[in-house]
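J.: Sequence and predicted structure are below.
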Amino acid sequence: GAGVSQSPSNKVTEKGKDVELRCDPISGHTALYWYRQSLGQGLEFLIYFQGNSAPDKSGLPSDRFSAERTGGSVSTLTIQRTQQEDSAVYLCASSLRENYGYTFGSGTRLTVV
Amino acid sequence: KNEVEQSPQNLTAQEGEFITINCSYSVGISALHWLQQHPGGGIVSLFMLSSGKKKHGRLIATINIQEKHSSLHITASHPRDSAVYICAVRRSGSGGGADGLTFGKGTHLIIQP
């Protein structure tokens, strides 16, 4: 597609449930990033995929968070046993390759109740 | 101390004024990004810089690598420029989170008619 597509746009889930967030990057973009923006906080890096290389997972806040990127395209971010502090907007971005300009998706607003 | 500091945090100006937003960083970088986020909206990448100056329409971004400082200027400001402007850096090297961006806390700009 023309832009980075994320789904769902909004997700409300009960504490303790697992959630999956999806990112469909721009076709041909080899670099894909997940970030999150908590209420009143700045953006923080979560994970980075570049081509077939092992992902940089150093930003994931706990082992409840995981992400995969299948076929070098679509990525899913999974949060297990969600907690209220996981409530945030989760943003995906892609770029043609590393150190190129980014295109951000519109984000998934996750609310854990 | 944050690795990326922006100033001012908040800025209110009248339509037509020349706007400057500053960004200082304390780490070695391979690139610096200026991003724009409208209320409730997604993030738009404005510029990616590694040296010198870039211009797009009424927006100008400069970077001084030696001084570890960048500025974003808006000429002939307009109410539609009202948004949060975020400076972000990609640290030199790779891994350990360096592949992702490190963000400033943003500058909340309001342009009054």
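T.: Good, I have the coordinates.

J.: Is B:S45 bridged to anything, and to what?
T.: Beta-bridge partners recorded for B:S45 (DSSP bridges): B:L35.

J.: Do you know the pLDDT at it?
T.: If you check B:S45, the pLDDT there is 89.

J.: Please apply the same query to B:K1.
T.: On pLDDT, B:K1 comes in at 66.

J.: go on, the one 5 residues further on?
T.: Listed pLDDT for B:Q6 reads 97.

J.: Please state the offset of the host helix or strand of it from the chain centre?
T.: Taking DSSP states H and E as the definition, B:Q6 sits inside strand B:4-7. Relative to its chain's centre, strand B:4-7 lies at 9 Å (CA atoms, centre = their mean, to the nearest Å).

J.: Now tell me what touches whichever helix or strand comes after it from outside.
T.: Moving toward the C-terminus from strand B:4-7, the next helix or strand (DSSP H and E) is strand B:10-14. With contact meaning CB atoms under 8 Å, 6 or more residues apart in numbering or on different chains, strand B:10-14 is reached by B:I19, B:I21, B:S77, B:T107, B:H108, B:L109, B:I110, B:I111, B:Q112. No exception for glycine: its C-beta is placed from N, CA and C like everyone else's.

J.: And those residues, which two are furthest apart?
T.: B:I21 and B:Q112 (16.8 Å; CB to CB).

J.: And these two? Which one has more around it.
T.: Shown here are B:I21 and B:Q112; by other CB atoms under 10 Å in any protein chain shown, B:I21 has more neighbours (22 against 11).
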